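Visitor: okay, structure incoming, though there's no sequence with it:
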């Protein structure tokens, strides 16, 4: 049942209600499918189908194409040309006669250009593209961690809200029973109308709380479907991932700074910005090219000495920039400032990762204390309710005492449910903060998406417009 999915025993659940309430609880249990979905199965499905994550993967595949584009600078550029047209001619001859003709010249040719030296622009552009790919991979890993954490949160919210609905239903059943008993005692003259009004007011509050819990459940189910890709059915118990997290706060901080994907992405961004300086400086250096050209021209003017002309040439070109208005110098200064900015951003990201690791560690440890306290509170509140009910039957307690004790138990039970939810989410949050919330660490039954596979498929492609998937 739902309360067991949160790992809670029967001790804190018993409200001392009539058999009708027990019947409701059992009917809910029997209505559930025999096999419940597990958290790992939900995470695997989210990892496979989440549209935001798949969009990030497509973006990274597009980012991979920057490398072959940069490598194209090493390769020759081949251009074929064809020109043809009509050329009307009207000549005035010395004897004042006019000669007219319509020429039909056309030329076909091929030009091959090979760069020999461009100030190391191509080499540095390739390095920039490769650093961008590595940064993109870390950004993709960060997105994947966020999606998995969202899936954990959605999963646990559904379980918790299902348990809260059951708790409020049990509370309403208890309050209905109490109101019925109070009315009978009013008819017998044992209590006053005030007792009946108090019981009726508490029942109205209980119905409102039940409605709020049902609304929250439907909202959490919708979020679950959005993140994971299907509506939730029966959900099994979820365990923490404490076995994967560091044993000390300092170890969590060190691991986060070393493995957090946001930090690694910012580190590669520094490399991108630093290398971009060299790309900008290449515009200030000389360039050397070899240009080969083959042409064939036809001319229909019979007055010329030739009808067809074939030419071929191989020309070496060397250019040295002298002054371009200051464009290249400005771009170099701009790249240097961008590099300074990227280093400052890296330091900022490291501080954020450190803060996140500390917060996640403290929160995880805090949820352990909160859960233990909530479990003890539920146990004590349950004992207190039983005692107050017995004392009320003996005339030592009033109806309001019973109602207050029931309210305390319901509130304690709700806090226990939320504490169990927070306990699981906090452990996954800590795992994400240190950069280890991934398929391999969790052992999910799904293939791990490896962005480097696509990178190697397209890196050295010289031609072709189809992507590796065939589109």
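Guide: Alright, I've got the coordinates. Nothing here was measured: the structure is a model prediction, and the numbers come from that model.
Visitor: what helix or strand is the residue nearest the centre of the chain located in?
Guide: Centroid-nearest residue in the chain, with CA atoms, centre = their mean: residue 143, separated by 3.0 Å. Residue 143 belongs to helix 121-188 when assigned by DSSP states H and E.
Visitor: could you point out the helix or strand that follows that helix?
Guide: Next along from helix 121-188, by DSSP H and E: helix 193-228.
Visitor: pretty sure residue 345 is touching residue 268, no?
Guide: No. Residue 345 is beyond contact range of residue 268, at 11.8 Å (criterion: CB atoms under 8 Å). C-beta here means a position set from N, CA and C on the backbone, and glycine is covered the same way.
Visitor: looking at those two, which one has more neighbours?
Guide: Higher neighbour count among residue 345 and residue 268: residue 268, with 21 against 14, using other CB atoms under 10 Å.
Visitor: what's the separation between residue 60 and residue 138?
Guide: Counting by CB to CB, to the nearest Å, the gap from residue 60 to residue 138 is 10 Å.
Visitor: which SS class is the closest residue to residue 292 other than its chain neighbours?
Guide: Computed as CB to CB, 6 or more residues apart in numbering, the closest residue to residue 292 that is not its neighbour in sequence is residue 112, at 4.3 Å. The three-state label given to residue 112 by DSSP: H, G, I helix; E, B strand; the rest coil is strand.
Visitor: beta-bridge partners for residue 112, please?
Guide: In this structure, residue 112 bridges to residue 78, residue 292 when assessed by DSSP bridges.
Visitor: how about the helices in the stretch 201-350 of the chain?
Guide: 249-259, 261-281, 327-393 (DSSP state H, counting those that start in this stretch).
Visitor: do you know which of the ones you listed lies nearest residue 52?
Guide: For these, distance to residue 52 was read as CB to CB. The smallest value, 15.8 Å, belongs to helix 261-281.
Visitor: quick one: contacts for residue 107?
Guide: The neighbours of residue 107, taking CB atoms under 8 Å, 6 or more residues apart in numbering as the test, are 81, 82, 83, 84, 295, 296, 297, 298.
Visitor: quick check, the third one in contact with residue 106.
Guide: Yes. Here residue 83 lies in contact with residue 106, judged by CB under 8 Å, at a distance of 6.4 Å.
Visitor: OK, contacts around the closest residue to residue 354 other than its chain neighbours?
Guide: Spatial nearest neighbour of residue 354, chain neighbours left out: residue 253 (5.6 Å); criterion: CB to CB, 6+ apart. Counting by CB under 8 Å, 6+ apart, residue 253 makes contact with 354, 357, 358, 361.
Visitor: ok, how many other residues are close to the spatially closest residue to residue 220 that is not a sequence neighbour?
Guide: Excluding the flanking residues, the one nearest residue 220 by CB to CB, 6+ apart is residue 157, at 4.1 Å. Residue 157 has 21 neighbours, counted by other CB under 10 Å.
Visitor: and residue 157, how close does it get to residue 227?
Guide: Distance check for residue 157 against residue 227: by CB to CB, it reads 10 Å.
Visitor: residue 43 too?
Guide: Distance, residue 43 to residue 227, using CB to CB: 10 Å.
Visitor: mind listing the shared neighbours of these two?
Guide: Contacts common to residue 43 and residue 227, judged by CB under 8 Å, 6+ apart, are residue 151.
Visitor: what about the stretch 251-400 of the chain, any weak spots by pLDDT?
Guide: Low-confidence segments of the stretch 251-400 of the chain, defined by pLDDT under 70: 300-306.
Visitor: hmm, residue 148 is touching residue 48, no?
Guide: No. Applying CB under 8 Å, one finds residue 148 not in contact with residue 48, separated by 11.7 Å.
Visitor: compare these two (neighbour count), which wins?
Guide: Neighbours of residue 148 and residue 48, each counted by other CB under 10 Å, are more numerous for residue 148; the result is 26 against 15.
Visitor: which of the helices of the stretch 201-350 of the chain sits most buried?
Guide: Among these, helix 261-281 has the highest mean neighbour count (mean count of other CB atoms under 10 Å), at a mean of 20.
Visitor: can you tell me the SS state at the residue of the chain most remote from its centre?
Guide: Distance from the centre of the chain peaks at residue 95, with 86.0 Å (CA atoms, centre = their mean). When classified by three-state DSSP, residue 95 comes out as coil.
Visitor: quick check: chain neighbours aside, which residue is closest to residue 176?
Guide: Excluding the flanking residues, the one nearest residue 176 by CB to CB, 6+ apart is residue 203, at 6.3 Å.
Visitor: for the one you found, give me its contacts.
Guide: With contacts defined as CB under 8 Å, 6+ apart, the neighbours of residue 203 are 172, 175, 176, 178, 179.
Visitor: from these, which single one is nearest residue 454?
Guide: Each of those was checked against residue 454 using CB to CB; the closest is residue 172, at 55.4 Å.
Visitor: what about the closest one, neighbour count?
Guide: Neighbour count of residue 172, defined by other CB under 10 Å: 20.
Visitor: so it makes contact with residue 207?
Guide: Yes. Between residue 172 and residue 207 there is a contact at 6.1 Å, judged by CB under 8 Å.
Visitor: my guess is the residue nearest to the centre of the chain contacts residue 53, does it?
Guide: Yes. Because the distance of 6.1 Å satisfies CB under 8 Å, residue 143 is recorded as touching residue 53.
Visitor: shared neighbours of these two, anything?
Guide: Residues touching both residue 143 and residue 53 (CB under 8 Å, 6+ apart): none.
Visitor: could you tell me how many residues sit around residue 239?
Guide: Residue 239: 14 neighbours (other CB under 10 Å).
Visitor: check what pLDDT the nearest residue to it once chain neighbours are set aside gets.
Guide: In space, and not counting its chain neighbours, residue 239 is closest to residue 424: 7.3 Å by CB to CB, 6+ apart. pLDDT recorded at residue 424 is 96.
Visitor: now residue 424: which helix or strand?
Guide: Using DSSP H and E, residue 424 maps to helix 399-433.
Visitor: now do that helix: which elements does it pack against?
Guide: Applying 3 or more CB pairs under 8 Å, 6 or more residues apart in numbering; DSSP states H and E, one finds that helix 399-433 makes contact with helix 121-188, helix 193-228, helix 249-259, helix 327-393.
Visitor: tell me the angle of the longest one relative to helix 193-228?
Guide: Going by axes from the mean of the first three to the mean of the last three CA atoms, to 10 degrees, helix 121-188 is angled at 160 degrees with respect to helix 193-228.
Visitor: what about helix 121-188, average pLDDT?
Guide: Averaging pLDDT along helix 121-188 yields 94.
Visitor: the second one too?
Guide: Per-residue confidence for helix 193-228 averages out to 94 on the pLDDT scale.
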